[in-house]
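*Asks:* coords below, sequence missing:
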């Protein structure tokens, strides 16, 4: 393209002085700033919470029907760390599937039959006698036993639902006593590999470290720091043991291992990744994250060179 083919029109660009105050003022007053979405990453080393050894790979470990939740927690914690939030969500998913199977096995006819039996115990014999007598007075040729049974059935039809909840509870209890559907059964039905389980519930994705790699990241030991960060920022904080081992979701901060940093033995290299936020909110979050980092017993690299900020304008 030749120079004369370029448009001669010009457009003024917004320029911001490189100072925290100027950026904050820009975020509050400039119309363009309202459309700027910002996320940032903070790399740091946490002291004395590394595992001191390389990781252990579980990629080829198959899910076994005999596993229970405690087995799974122990296995992942021993090798790649632990996330309480992930295990709680997994247990909730299993319990949801369990009660769905319970409901599927409840026989509605059995519920009604039991409820009618309970309603039968409430019937007043004197009232039945009065009704039978009145009907026979109108039509003496009717069979008394048949009339009595019809009166009782009419009463049951009108009143059995008063006992339905109680009857359903008893039937459900019997179903649960006889239902053979364990946590391992649910796990085996839904997953083939432990790596799938880890990915689905934001647990610690299995990883392998060689002898020259950074110290393994013990996310179980990171939970206290993550809880403090969540309290200071008001956002949920998820923990991952490797690069992109935790799904990025809106309004959730991620702390995960960072292999680009070489911590001292016993320390853990980590990266704090924030969700995309409006510029003003991101600046406030940045202030809180740095305050949190300074409050931790850490060797934190908080200089500007150790943070990378990503911006996009809608």
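*Replies:* Received the coordinates, thanks. Everything numeric here is computed off the predicted structure, so don't read it as measured data. Numbering: from 1, shown residues only.

*Asks:* Please identify the buried residues of the helix of greatest length in the chain?
*Replies:* Longest among the helix segments of the chain by residue count, using DSSP state H, is helix 84-104. Neighbour-count burial for helix 84-104 flags 85-87, 90, 94, 97-98, 102 (criterion: 16 or more other CB atoms under 10 Å). Every residue, glycine included, has its C-beta placed from N, CA and C.

*Asks:* Distance to residue 235 added to these, as a markdown table?
*Replies:* Shown next, in a markdown table, are the buried residues of helix 84-104 (distance: CB to CB, whole Å):
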| residue | distance to residue 235 |
| --- | --- |
| 85 | 13 |
| 86 | 17 |
| 87 | 21 |
| 90 | 22 |
| 94 | 27 |
| 97 | 30 |
| 98 | 32 |
| 102 | 36 |
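
*Asks:* who does the longest helix of the chain touch, helix- and strand-wise?
*Replies:* With contacts taken as 3 or more CB pairs under 8 Å, 6 or more residues apart in numbering; DSSP states H and E, helix 84-104 sits against helix 69-80, helix 164-178, helix 183-190.

*Asks:* For residue 143, find the nearest of those helices.
*Replies:* With distances scored as CB to CB, the stretch of those nearest to residue 143 is helix 164-178 (30.8 Å).

*Asks:* okay, the angle between the closest one and helix 84-104?
*Replies:* 110 degrees (axes from the mean of the first three to the mean of the last three CA atoms, to 10 degrees).

*Asks:* Helix 164-178 - contacts with which helices or strands?
*Replies:* Using 3+ CB pairs under 8 Å, 6+ apart, helix 164-178 is in contact with helix 84-104, helix 108-121.

*Asks:* before we move on, back to that, how much does the longest helix of the chain deviate in direction from helix 183-190?
*Replies:* Using the same axes, to 10 degrees: helix 84-104 against helix 183-190 is 90 degrees.

*Asks:* Direction included, what does the longest strand along the chain pair up with?
*Replies:* When the chain is parsed with DSSP state E, its longest strand is strand 36-46. Applying DSSP bridges, strand 36-46 is found paired with strand 268-273 (antiparallel), strand 277-278 (antiparallel), strand 298-299 (antiparallel), strand 307-313 (antiparallel).
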